[in-house]
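Chemist: Have a look at this prediction, sequence included:
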Amino acid sequence: MAHSAERPPSVDKLARSLAGSGLPHPLLVDVAREAIASGDHESAADRVADLQRSLLQPVLNATGVLLHTNLGRAPWPSSDAGTYRNLELDLATGDRGSRQAHAPSLLAKACGAEAAIVVNNCASAVMLVLGALAKGRGVAVSRGELVEIGGGFRVPEVMEQSGATLVEVGTTNRTRRADFANAVANQDNDVALAMQVHQSNYKIVGFTEAPTTAELSDLDVPLVADIGSGLLDEACPWLRDGPPAWLKNEPAARQTLEAGADLVVFSGDKLLGGPQAGIIAGSAELVASCARHPLARALRPGGLVLASLQELAMAYLRRDGDAIPFWRMASVPVAELTARAEKVRSAVGLGDVVDTMSVPGGGTLPSVEFASAGLSFAGNYRDAFRSFSTPVISRVVDETTVLDLRTVDPEYDDLLAEAITHAVSKQTSGANG
């Protein structure tokens with residue numbers, strides 16, 4: 001845009017002219033000041049739009065990645081009415097209660113644990129367990145499980161921060177029960193815990209071997225299993241048709257505890273399908289030790305997260321998978337997705353109905369994909385879709401834009417149709433311009 005030759009308005013007048021955007025006046029003053037300083041006060045409206053798009057807001061996930069880390073992983077509805085809650089009040093006695101007495105106890109019941117506590121993510125859960133149960137002592141971990149996940153979280157570094165000492169056992173590709181037993185028996189190691197870490201975002205294939213949870217359950221120290229992704233029960237009793245084939249071999253909390261693990265730790269926002277959280281479940285004695293540790297207060301979640309987890313746990317206990325958005329999306333038949341795609345295609349007269357593949361995402365089940373359906377458009381429309389009033393996040397494969405309907409709630413199909421019209425129009429006008 002060419003710079004205006006007219007004298008710019010005052011900062012306050014320009015800011016007030018932008019009030020229709022709904023942004024608070026102090027933000028509009030900043031925008032107005034920046035626009036005037038640039039010598040182009042007429043750019044203020046565009047700057048406001050840029051600011052609005054930088055804020056946290058709803059988007060339509062049409063990527064087919066169910067647990068999209070950049071989009072908050074599992075979608076979970078917020079039903080908070082802005083009221084007070086008995087977060088730390090015992091309503092029966094009127095005395096102070098514990099925030100760990102509500103959702104955590106329900107999650108424990110859902111996965112067959114004696115007890116559970118909740119912290120703010122799975123990395124926090126690992127750090128708390130290590131700090132509470134092994135500070136100043138050794139923790140035996142297979143060399144094949146010294147993982148790094150997103151954001152630079154590395155098992156050795158988290159162990160160092162917790163005050164525990166890493167005792168590496170086995171080799172990168174082959175570790176046996178005897179490796180753990182020897183490490184525990186060696187008094188120089190002073191091993192307090194054995195830990196299994198799920199290879200949730202990578203695979204080692206070929207000449208490999210790893211001990212099972214059952215094989216490690218009779219060591220002379222507690223066994224902690226970081227199962228990561230948060231599958232509660234491999235039988236998936238909350239799904240009418242039972243577990244989907246793509247979940248095969250994914251460790252589940254209930255079965256890991258039944259196999260002999262003393263504690264399991266896992267995420268709340270992956271296969272569990274809820275808000276970001278870390279859950280520690282298992283032996284009541286060990287959970288209590290974690291709850292008493294000073295880190296537990298620093299890592300505890302707030303009432304909104306715990307209320308969401310309570311709703312989620314209730315859905316699991318009712319065996320109501322349809323109430324959990326992740327499982328509802330994951331279990332939709334392809335034929336239903338195809339029918340929706342055809343309806344949207346008919347409404348806008350644009351795009352092609354295509355078969356595609358969805359993935360779990362979020363560092364969960366690497367290499368797994370399953371059938372889905374959606375719409376495709378020749379060319380790269382990614383930016384145009386993202387510029388819609390409710391941004392649509394698409395994927396581009398071989399210069400073809402794909403909208404996978406598995407990750408779009410049917411409630412938003414009409415909005416998606418509007419977005420298609422917007423994106424194609426914007427792309428066409430841009431090309432003609």
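Modeler: Sure thing, it's come through. Residues are numbered from 1 along each chain as shown.
Chemist: Give the helix, strand or coil label for residue 211.
Modeler: coil (DSSP: H, G, I helix; E, B strand; the rest coil).
Chemist: Next, count neighbours for it.
Modeler: 21 (other CB atoms under 10 Å). For every residue, glycine as well, the C-beta is placed using N, CA and C.
Chemist: and if you look at the one 3 residues further on?
Modeler: Burial of residue 214 is recorded as 14 neighbouring residues (other CB under 10 Å).
Chemist: do the same with residue 96
Modeler: Residue 96 has 8 neighbours, counted by other CB under 10 Å.
Chemist: Counting neighbours, what do you get for the nearest residue to residue 305 once chain neighbours are set aside?
Modeler: Leaving out its chain neighbours, the residue that sits closest to residue 305 by CB to CB, 6 or more residues apart in numbering is residue 275, at 5.0 Å. The tally of other residues near residue 275 (other CB under 10 Å) stands at 23.
Chemist: Likewise for the one 10 residues further on?
Modeler: Neighbouring residues of residue 285 were enumerated by other CB under 10 Å; the total is 11.
Chemist: Distance check, it against residue 263.
Modeler: In this view, residue 285 and residue 263 are 10 Å apart by CB to CB, to the nearest Å.
Chemist: I figured residue 266 was touching residue 254, is that so?
Modeler: No: counting by CB atoms under 8 Å, residue 266 stays clear of residue 254, with 11.4 Å between them.
Chemist: Once you drop chain neighbours, what's closest to residue 359?
Modeler: residue 369 (4.9 Å).
Chemist: Contacts only, for that neighbour.
Modeler: The contact partners of residue 369, by CB atoms under 8 Å, 6 or more residues apart in numbering, come to 246, 357-359.
Chemist: I'd like these laid out as a markdown table, including neighbour count and pLDDT.
Modeler: Listed next are those as a markdown table, based on neighbours: other CB atoms under 10 Å; pLDDT from 0 to 100:
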| residue | neighbour count | pLDDT |
| --- | --- | --- |
| 246 | 15 | 91 |
| 357 | 14 | 96 |
| 358 | 26 | 96 |
| 359 | 22 | 94 |
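Chemist: for those, which one is nearest residue 83?
Modeler: Comparing the contacts of residue 369 against residue 83 with CB to CB picks out residue 358 as the nearest, at 37.2 Å.
Chemist: beta partners of the closest one?
Modeler: Residue 358 has the following beta-bridge partners by DSSP bridges: residue 370.
Chemist: which ones are touching it?
Modeler: 64-66, 369-372, 404, 406-407.
Chemist: Tell me how far it lies from residue 159.
Modeler: In terms of CB to CB, residue 358 sits 35 Å off from residue 159.
Chemist: likewise residue 417?
Modeler: Using CB to CB, we find residue 417 at a distance of 51 Å from residue 159.
Chemist: Pick out whichever of those two has more residues nearby.
Modeler: Taking other CB under 10 Å, residue 417 and residue 159 do not tie; residue 159 has more neighbours (23 against 19).
Chemist: partners of the closest residue to that one other than its chain neighbours in the sheet?
Modeler: Residue nearest to residue 159 in three dimensions, not counting chain neighbours: residue 166, with 4.9 Å by CB to CB, 6+ apart. Counting by DSSP bridges, residue 166 is bridged to residue 139.
Chemist: OK, contacts around residue 166?
Modeler: 138-139, 141, 146, 155-156, 159-160.
Chemist: now, among the residues you listed, which is nearest to residue 212?
Modeler: Looking at these and their distance to residue 212, the nearest is residue 141, at 15.6 Å (CB to CB).
Chemist: Quick check: buried residues in the strand or helix carrying the closest one?
Modeler: Element membership for residue 141, per DSSP states H and E: strand 138-142. Buried residues in strand 138-142, counted by 16 or more other CB atoms under 10 Å: 138-142.
Chemist: chain center to it, what's the gap?
Modeler: Taking CA atoms, centre = their mean, to the nearest Å, one finds the center of strand 138-142 at 27 Å from the center of the full chain.
Chemist: How about stretch 264-279?
Modeler: Offset of stretch 264-279 from its chain centre (CA atoms, centre = their mean): 7 Å.
Chemist: and the end-to-end length of it?
Modeler: 8 Å (CA to CA, to the nearest Å).
Chemist: Likewise for stretch 341-361?
Modeler: End-to-end distance (CA to CA), stretch 341-361: 22 Å.
Chemist: For that stretch, buried residues please.
Modeler: Buried, per 16+ other CB under 10 Å, within stretch 341-361: 341, 344-345, 351, 353-354, 356, 358-361.
Chemist: same question, stretch 230-238
Modeler: Using 16+ other CB under 10 Å as the test for burial, stretch 230-238 gives 230-234, 236, 238.
Chemist: In CSV: those, plus distance to residue 323 and secondary structure.
Modeler: Shown next, in CSV, are the buried residues of stretch 230-238 (distance: CB to CB, whole Å; DSSP: H, G, I helix; E, B strand; the rest coil):
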residue, distance to residue 323, secondary structure
230, 17, coil
231, 17, strand
232, 14, coil
233, 16, coil
234, 20, coil
236, 14, coil
238, 9, coil
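Chemist: Pick the one among those residues closest to residue 24.
Modeler: Each of the buried residues of stretch 230-238 was checked against residue 24 using CB to CB; the closest is residue 230, at 37.6 Å.
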